[in-house]
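Student: What follows is a predicted structure for the sequence shown.
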Amino acid sequence: MENYDYILPTYPRYPVTFVKGTGCKLYDTDGKEYIDFASGIGVNSVGHSHPKWVEAVCAQAATLSHVSNLYYTQPVGELAKKLCEISGMKGVFFSNSGAEAVEGVIKTARKYSNDKYGEGRHTIITLEGSFHGRTMAALTATGQPEKFHKHFHPFVQGFRYIPVNDIAALESEAEKTDICALMLEPIQGEGGVMPLDAAYLKKAQEICNKNDWLLITDEVQTGIARTGEWFAYQSYGIKPDAVTFAKGIAGGFAVTFAKGIAGGFPYGGFLLGEKAQATLGAGDHGTTYGGNLVCAAAALSVLEILTPILPTIKEKGEYIRKKVQQMNLPHVKEIRGNGLMIGIKLEGIPHTEVVANLLKAGLVTLPAGSDVLRFLPPLVISTEEIDAGLKILHETLT
Ligand SMILES: *Cc1c(COP(=O)(O)O)cnc(C)c1O
């Protein structure tokens with residue numbers, strides 16, 4: 001058997017073996033060069049082997065890598081403070097993945113309501129087409145039962161799904177008394193790069209405040225500068241008419257993050273605002289690796305590298321969307337997204353076939369939903385690299 005035959009086939013893999021990455025370029029076993037428009041599903045936000053990231057990781061590995069959460073460590077403390085500063089939240093819990101961040105925030109929402117109101121308010125409302133991860137509760141929260149729930153019954157109880165951007169459905173949930181939280185992705189990622197309406201999010205905030213539900217934004221994919229703000233919910237607060245919304249949202253609110261935080265290391269977590277900051281106490285939640293020092297050092301370097309380029313991200317995304325629009329490509333039905341989270345809805349050709357053809361031509365991209373070609377390039381990508389990637393897109397689709 002080949003080495004790879006020993007890996008369980010849970011992923012349909014493309015026939016490429018990558019051996020090296022530098023910046024926004026990847027190289028396979030034949031030395032062939034690829035432009036990376038995927039970042040390992042939105043993870044390598046500072047590109048591959050960024051010298052500052054490498055230095056931070058090596059220095060921390062050579063100093064102290066792990067001591068457990070029974071003690072304080074400096075990089076983790078520094079990272080916690082930075083994350084609260086950039087988000088306006090009050091406290092953070094570190095996990096190893098997005099799904100675990102979601103699990104933690106579900107526990108928080110249930111305990112928040114239980115502490116305050118007793119039993120009965122345990123239901124979490126999520127959206128149809130959402131994706132929240134593969135562990136049992138996160139999978140239950142994922143509002144795509146046909147695609148993800150078939151073989152794994154019974155599921156965790158206490159979840160209900162409502163359609164995206166449907167204010168009436170949200171209002172009708174608000175008449176029920178069993179709810180502790182509403183969880184949503186500001187832009188649904190795996191579901192097909194589907195942005196929520198600003199008016200819907202505003203209404204969601206209102207209803208959450210009124211009923212004392214925790215509003216949870218799952219920013220595992222949209223967080224850490226992907227959309228041109230540190231967190232996507234901040235994009236919805238910058239419009240003048242929504243300033244109170246921005247303020248309100250920081251009050252009663254929890255946010256998960258993971259993919260882009262540590263530049264390729266397994267790390268994530270959730271941040272809590274004022275309302276729920278005191279919900280979790282000693283013994284209520286934990287994980288052995290969460291708060292690992294090498295990951296924290298990596299994350300600190302990622303935040304440092306991204307800080308000066310943050311103002312350029314929305315512009316770069318706009319540039320890509322406009323250029324793709326102007327190409328007038330066959331099969332392209334709609335271009336959507338925000339910042340460097342870009343979805344191109346296709347018709348008349350399977351999205352997986354387009355991803356495979358682009359890979360063959362030297363451009364690494366991702367599928368999303370059932371018919372969307374998705375770009376999540378490293379946030380440090382240059383205009384030249386964008387142009388080179390889009391040239392491959394043009395040649396492949398025409
Ligand atoms: C990827 C993703 C998750 C799951 O993260 P893992 O690290 O794969 O467990 C959860 N929520 C969203 C929005 C995601 O995009």
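Tutor: Okay, I see it.
Student: Show me the shaky parts of the stretch 151-300 of the chain.
Tutor: 237-252 (pLDDT under 70).
Student: if we go to 90?
Tutor: 202, 205, 209, 233-253, 274-275, 291 (pLDDT under 90).
Student: ok, which stretches of it are strands?
Tutor: For the stretch 151-300 of the chain, the strands defined by DSSP state E, counting those that start in this stretch occupy 159-162, 179-184, 187-188, 194-195, 214-218, 253-257, 268-272.
Student: Make JSON lines out of these and add distance to residue 297 and mean neighbour count.
Tutor: Placement of C-beta: from N, CA and C, glycine included. JSON lines is the format used below for the strands of the stretch 151-300 of the chain (distance: least, C-beta to C-beta, whole Å; neighbours: other C-beta atoms under 10 Å):
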{"stretch": "strand 159-162", "distance to residue 297": "36", "mean neighbour count": "17"}
{"stretch": "strand 179-184", "distance to residue 297": "30", "mean neighbour count": "25"}
{"stretch": "strand 187-188", "distance to residue 297": "29", "mean neighbour count": "24"}
{"stretch": "strand 194-195", "distance to residue 297": "33", "mean neighbour count": "22"}
{"stretch": "strand 214-218", "distance to residue 297": "26", "mean neighbour count": "28"}
{"stretch": "strand 253-257", "distance to residue 297": "17", "mean neighbour count": "29"}
{"stretch": "strand 268-272", "distance to residue 297": "15", "mean neighbour count": "28"}
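Student: Which among the ones you listed is found nearest to residue 16?
Tutor: Closest to residue 16 of these, according to C-beta to C-beta: strand 268-272, at 26.7 Å.
Student: Would you mind getting the angle between that closest one and strand 253-257?
Tutor: Relative orientation of strand 268-272 versus strand 253-257 (axes from the mean of the first three to the mean of the last three C-alpha atoms, to 10 degrees): 170 degrees.
Student: on that earlier part again, go through the strands of the stretch 151-300 of the chain and name the closest to the ligand.
Tutor: strand 214-218 (4.5 Å; C-beta to the nearest ligand atom).
Student: Note down every partner strand of the closest one and its orientation.
Tutor: Note on strand 214-218: by DSSP bridges, its sheet partners are strand 179-184 (parallel), strand 253-257 (parallel).
Student: Show residues contacting it.
Tutor: Strand 214-218 has contacts (C-beta atoms under 8 Å, 6 or more residues apart in numbering) with 98, 102, 105, 108-109, 112-113, 124, 130, 132, 180-186, 204-205, 208, 231-233, 249, 252-256, 275-276.
Student: ok, residue 380 touching residue 48?
Tutor: No. Proximity of residue 380 to residue 48 does not meet the contact threshold set by C-beta atoms under 8 Å, at 10.1 Å.
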